[in-house]
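Chemist: Kindly generate the corresponding structure for this input.
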Amino acid sequence: MADHIAVHRSGLTMPVVTPRFIDNAWRRGCDFINMDLEDSVPEHMKGYARTLIKDAITNVTKGGAEAFTRINHDLVLADLEGIIWPGLTKVNYPKAEYGEEIQLLDRIISRLEQERGIRPGTVEIGADIETSVGVANAYDIAAASPRVREFGGASGYDMSRDLGVEMFVGFDQFVYGKGEVELAARALGLEPHTAPFTANTTGSVGDPDRAFREAEAARKCGFRVGGGLHPNVVEPQTRGFTPTQEEVDEAHQVLEQYRQLEVSGETWAETDGNIIDRYEAARARKLLDWSELCAARDQEKAEAFARVEAAAA
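Modeler: All right, here's what the predicted structure looks like:
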């Protein structure tokens, strides 16, 4: 079971071999930057790309974002040797299909942490489900290592190719796989990351309005992890995954009403057509806890930005 709650509302995946992306990543206001060694890096540049990660970690994190790296499914050892350095938060492993793969990653990462002076257990594993085999083995994959703390997938380009379905349609062609992956995550106490269906028939990756609607809907369905490919989606994702002030005020009211119930010895009451009981009180506490974590994360990023600006002055 996850022993902490990270705040990963917004993030950008970008090729580490494109300097203008990496150099400006810290300015984007993301909760994380996912530096890619996989699909966006040509085969002849894979080795070179690994050599860039160590310095790129320092660059992308100076604005307060966490540093992730997506490796290649078939180049695990070489990629891990090149990317496990202080400051890296997560290794994203694409097309995960078996728990044994995750256990192998865990062993290699543990060795590299020890060799490079990184606190044991620091580097997380993102086991990305992108095939039907991965969906079928979702629980075993998610349970394979304590480094897996967020778990999701079962949608996107690779999944559409594996299933033989069109990517951009007006219905949810991934609903079954996403449900299986979410249930595996929740059964293990992990943070699930997927999203409820919102139509995208154009294939746009930079629509801020759609990004907000999807993030807000995802949060209301119990999800708290975002990510994208275009800078335009960062702010709306961050906003959509963060409780509104109205929601925070309502949560405080629910807790106050429940405290009054406890004093009176009652277990539930109806107020303005809404039931107030211990379950609603627990829901309100969870929302307030998440709101506080979001505020703290935003403060961390603001302070990081201020330090960079002060150093440049």
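
Chemist: List the buried residues for stretch 205-216?
Modeler: 207-208, 210-212, 214-216 (16 or more other C-beta atoms under 10 Å). In short, each C-beta sits where N, CA and C put it, glycine included.

Chemist: hmm, what's the outermost residue in the chain?
Modeler: Here the chain reaches farthest from its C-alpha mean at residue 264, the gap being 42.3 Å by C-alpha atoms, centre = their mean.

Chemist: gap between that one and residue 276?
Modeler: 12 Å (C-beta to C-beta, to the nearest Å).

Chemist: same deal with residue 204?
Modeler: On the measure of C-beta to C-beta, residue 204 and residue 276 end up 42 Å apart.

Chemist: quick one: which of the two has more around it?
Modeler: The neighbour comparison of residue 204 against residue 276 (other C-beta atoms under 10 Å) goes to residue 276, with 23 against 13.

Chemist: quick one, what contacts the more buried one?
Modeler: Residue 276 sits next to 254, 257-258, 261, 268-270 when contact means C-beta atoms under 8 Å, 6 or more residues apart in numbering.

Chemist: Just the residues you listed: which are in strands?
Modeler: When the contacts of residue 276 are checked against strands (DSSP state E), the matches are 269-270.

Chemist: can you list the contacts of residue 276 in TSV and add neighbour count?
Modeler: Below are the contacts of residue 276 laid out as TSV (neighbours: other C-beta atoms under 10 Å):
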residue	neighbour count
254	22
257	16
258	23
261	18
268	12
269	14
270	9
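
Chemist: Dihedrals phi and psi, the closest residue to residue 102 other than its chain neighbours?
Modeler: Nearest residue to residue 102 in three dimensions, chain neighbours excluded: residue 144, at 3.7 Å (C-beta to C-beta, 6 or more residues apart in numbering). In terms of degrees, to the nearest 10, the main-chain angles of residue 144 are phi -70, psi -20.

Chemist: From residue 98, how far out is residue 144?
Modeler: For residue 144 relative to residue 98 (C-beta to C-beta), the value is 8 Å.

Chemist: likewise residue 213?
Modeler: Per C-beta to C-beta, residue 213 is found 35 Å from residue 98.

Chemist: repeat for residue 37
Modeler: Taking C-beta to C-beta, one finds residue 37 at 21 Å from residue 98.

Chemist: out of these two, which sits in the busier spot?
Modeler: Higher neighbour count among residue 37 and residue 98: residue 37, with 27 against 14, using other C-beta under 10 Å.

Chemist: Now do the contacts for the more buried one.
Modeler: Counting by C-beta under 8 Å, 6+ apart, residue 37 has contacts 16, 46, 49-50, 53, 69-72, 75, 79, 83.

Chemist: Which of the residues you listed fall within helices?
Modeler: 46, 49-50, 53, 79, 83 (DSSP state H).

Chemist: and these as CSV, adding pLDDT and distance to residue 169?
Modeler: Converted to CSV, these look like this (pLDDT from 0 to 100; distance: C-beta to C-beta, whole Å):
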residue, pLDDT, distance to residue 169
46, 98, 33
49, 98, 33
50, 98, 37
53, 99, 36
79, 99, 33
83, 98, 35
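
Chemist: ok, so of those, who is nearest residue 303?
Modeler: Lowest distance from residue 303 to the ones in helices among the contacts of residue 37 (C-beta to C-beta) belongs to residue 53, with 25.1 Å.
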